[in-house]
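*Asks:* Provided below for reference: sequence and predicted model.
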Amino acid sequence: MKAVVLNQHGGLEQLKYVADFPDPTASEGHAVIRVKATSFNYHDVFTVRGMPGIKVPMPMIIGLDMAGEIVEAGPGVTGWKKGDRVLVNPLNRQKGLMGEMMHGGLAEKCLVAAHQLIRMPEGVSFEQAASLPVAYGTAHRMIITHNTIQKGEKVLILGASGGVGTGCVLLAKMLGAEVIACASSADKIQRLKDLGADHVINYKEVDFSKWAIETYGKPQRRSYDGGVDVVINFTGGDTWAPTLRCVKRGGKILVCGATAGHDPKEDLRYIWSFELKVIGSNSFYDENLKALMDLIEQGRMKPVIDEVLPLERAAEGLRLIENREVFGKVVVTP
């Protein structure tokens, strides 16, 4: 089968497109799917580079998120048949993540455990489904499962133009929040406006924390006036200390990652002085992905897809992710 294969860690040049990778065969408790669509996440960039403490077996077909059709069900697989349309939860309970511990979606076919299969509604396309797990699933769990955003709240979203970010914008608006979206270019700013953001900030030109304080007032220690209700910060790094300064007393900071650095400067005085709630959210579950597909089928949400590329151009798509030149998701159709 055709596949994009990683043979050793390094730059994106280590990803090789091949036409003769061995086809998977269905084993006990597993099914082979024909991959119809797969999407990139920044985690795929980390996998290519190599991550401390994680030993990736080589060669590896990367790609966490995928959707497709079952072509063969192995022994012990019940409730599924050839031709069923499925979204794959990328977490295998025994082996770990697809595209990291076992072959992922950048291939014509993929072997997955039966417990990873989620039935796709007819009104959801393969490209839409493949956009969901890591990005939109994470946003859904952080916002909906943990019930962290209420109608009318002022919600500032950092990194709003990426996969998780656009998911957060859509879900926060669906809940009736006032959304302040931050991005790094005029094009992304305009597209966030088109997506429904109430306010947009180019963080390369404007200090988002100062903007929030000037717009909504300085947070007060003895009242609940001033500042924003919620900041969604999955960037970390240099954005963390400014985040603490613009959240109102009793406000929330939502965290599901740290793409700009996991060990930022901290000022604990803000945490206790303003009774801030730092709420972590990790991963997603089948119920998050099912709920998102229901929203798509009902016409209440449409995942933001920037590029759809053929398999032979997959490395080009991941380069867009690495350079943060993408708005929403990059999808590959093997």
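*Replies:* On my side now, so go ahead.
*Asks:* Which stretches in the stretch 51-200 of the chain count as helices?
*Replies:* Taking DSSP state H, counting those that start in this stretch as the criterion, the stretch 51-200 of the chain contains helices spanning 126-130, 138-140, 163-174, 186-195.
*Asks:* Contacts for the shortest one next, please.
*Replies:* The contact list for helix 138-140, computed with CB atoms under 8 Å, 6 or more residues apart in numbering, reads 164, 167-168, 171, 256-257, 281, 283-284, 288, 291-292. For the C-beta atoms, the positions are set from N, CA and C on the backbone; glycine is no exception.
*Asks:* Output the helices of the stretch 51-200 of the chain as a markdown table; include the columns distance to residue 47, mean neighbour count and mean pLDDT.
*Replies:* Listed next are these as a markdown table, based on distance: least, CB to CB, whole Å; neighbours: other CB atoms under 10 Å; pLDDT from 0 to 100:
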| stretch | distance to residue 47 | mean neighbour count | mean pLDDT |
| --- | --- | --- | --- |
| helix 126-130 | 17 | 24 | 98 |
| helix 138-140 | 17 | 27 | 98 |
| helix 163-174 | 16 | 25 | 98 |
| helix 186-195 | 25 | 17 | 96 |
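*Asks:* could I have stretch 16-25 exported to PDB, CA atoms only?
*Replies:* Output of stretch 16-25 as PDB, limited to C-alpha atoms (Å, rounded to 0.1, in the frame of the first residue of the first chain):
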ATOM      1  CA  LYS A  16       9.100   9.400   3.100                       C
ATOM      2  CA  TYR A  17       6.300   8.600   0.700                       C
ATOM      3  CA  VAL A  18       6.400   4.900  -0.400                       C
ATOM      4  CA  ALA A  19       4.200   2.800  -2.600                       C
ATOM      5  CA  ASP A  20       5.100  -0.700  -1.300                       C
ATOM      6  CA  PHE A  21       4.600  -0.700   2.400                       C
ATOM      7  CA  PRO A  22       3.100  -4.000   3.600                       C
ATOM      8  CA  ASP A  23      -0.700  -4.100   3.900                       C
ATOM      9  CA  PRO A  24      -2.100  -4.800   7.400                       C
ATOM     10  CA  THR A  25      -4.100  -8.000   8.000                       C
END
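*Asks:* Just the buried positions in that stretch, please.
*Replies:* For stretch 16-25, burial by neighbour count (16 or more other CB atoms under 10 Å) applies to 17, 21, 24.
*Asks:* swap in stretch 242-256?
*Replies:* So, applying 16+ other CB under 10 Å, buried residues of stretch 242-256: 242-249, 251-256.
*Asks:* which one of these is nearest residue 115?
*Replies:* Distance to residue 115, by CB to CB, is smallest for residue 256 among these, at 23.5 Å.
*Asks:* Next, count neighbours for the spatially closest residue to residue 204 that is not a sequence neighbour.
*Replies:* Once flanking residues are discounted, residue 204 sits nearest to residue 184: 5.3 Å by CB to CB, 6 or more residues apart in numbering. The burial count assigned to residue 184 is 17, neighbours taken as other CB atoms under 10 Å.
*Asks:* And residue 292, by the same measure?
*Replies:* The burial count for residue 292: 28, using other CB under 10 Å.
*Asks:* Verify the contact between it and residue 134 for me.
*Replies:* No: the pair residue 292 and residue 134 fails to qualify as a contact (CB atoms under 8 Å) at a distance of 12.0 Å.
*Asks:* Averaged pLDDT, stretch 201-212. What do you get?
*Replies:* Mean per-residue pLDDT for stretch 201-212: 96.
*Asks:* With only the CA atoms kept, save it in CSV.
*Replies:* What follows is stretch 201-212, C-alpha atoms only, in CSV (Å, rounded to 0.1, in the frame of the first residue of the first chain):
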residue,chain,number,x,y,z
ILE,A,201,-6.4,40.6,18.6
ASN,A,202,-3.2,40.3,16.7
TYR,A,203,-0.9,39.3,19.6
LYS,A,204,2.2,40.2,17.6
GLU,A,205,1.0,43.9,17.6
VAL,A,206,-1.1,44.1,20.7
ASP,A,207,-0.5,42.9,24.3
PHE,A,208,-3.6,40.8,24.8
SER,A,209,-3.5,41.2,28.6
LYS,A,210,-3.3,45.0,28.5
TRP,A,211,-6.1,45.0,25.8
ALA,A,212,-8.3,43.0,28.1
